[in-house]
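**Student:** let's see this in three dimensions:
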Amino acid sequence: MTKTSKFLATSVRMRYLARASKSAFSGIVAIYGLVVAVIIAGKIAPGGTEYTINAGFSQFAGGLVCGLCGLGAGYAIGIAGDAGVRGLSQQPRLFVGMILILIFAEVLGLYGMIVALILGAT
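**Tutor:** Residues are numbered from 1 along each chain as shown. Sure, this is the predicted structure:
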């Protein structure tokens, strides 16, 4: 194999890994929303029992926080992933840095889930 063909093979493999990691991070943020939705649905009292307006607004705020943080995390993952894949095709050694940036973007969704769980517990 020539040096050029080795570089092209490495570049294609790195781009595939970068795209796969970007979709994995986006999927995790969706699972955070699903967890919060299941917890909120489990706390909703059946008809006829006492369900205060404070509990309703607290759960609404928790769902809203988790959803908006998930939206922001998804947007950040998309922007960082796009720039990372473009840079990765030119410099394969940017892979670790790109993954770290994607992790920092994904943490926004995790923080939203934590806040939603705290709001739902009150």
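**Student:** gap between Ile44 and Gly112?
**Tutor:** As for Ile44, its distance to Gly112 is 20 Å (criterion: C-beta to C-beta, to the nearest Å). C-betas here are computed from N, CA, C, even on glycine.
**Student:** so for these two, which sits in the more crowded spot?
**Tutor:** Taking neighbours as other C-beta atoms under 10 Å, Ile44 and Gly112 compare with Gly112 leading, 25 against 12.
**Student:** what sits closest to the more buried one if chain neighbours are left out?
**Tutor:** Closest residue in space to Gly112, ignoring its immediate chain neighbours: Cys69 at 2.4 Å, by C-beta to C-beta, 6 or more residues apart in numbering.
**Student:** Met98 now?
**Tutor:** Met98 sits nearest to Gly84 (C-beta to C-beta, 6+ apart), 3.4 Å away.
**Student:** my guess is that neighbour contacts Leu100. True?
**Tutor:** No: under the criterion of C-beta atoms under 8 Å, Gly84 makes no contact with Leu100, lying 10.0 Å away.
**Student:** of the two, who's got more company?
**Tutor:** For Gly84 versus Leu100, neighbours defined as other C-beta under 10 Å are more numerous around Gly84 (22 against 11).
**Student:** mind checking pLDDT for the residue nearest the centre of the chain?
**Tutor:** Centroid-nearest residue in the chain, with C-alpha atoms, centre = their mean: Val29, separated by 3.1 Å. Looking at Val29, its pLDDT reads 87.
**Student:** and it, what does it touch?
**Tutor:** Residues in contact with Val29, defined by C-beta atoms under 8 Å, 6 or more residues apart in numbering, are 70, 73-74, 77, 106, 109.
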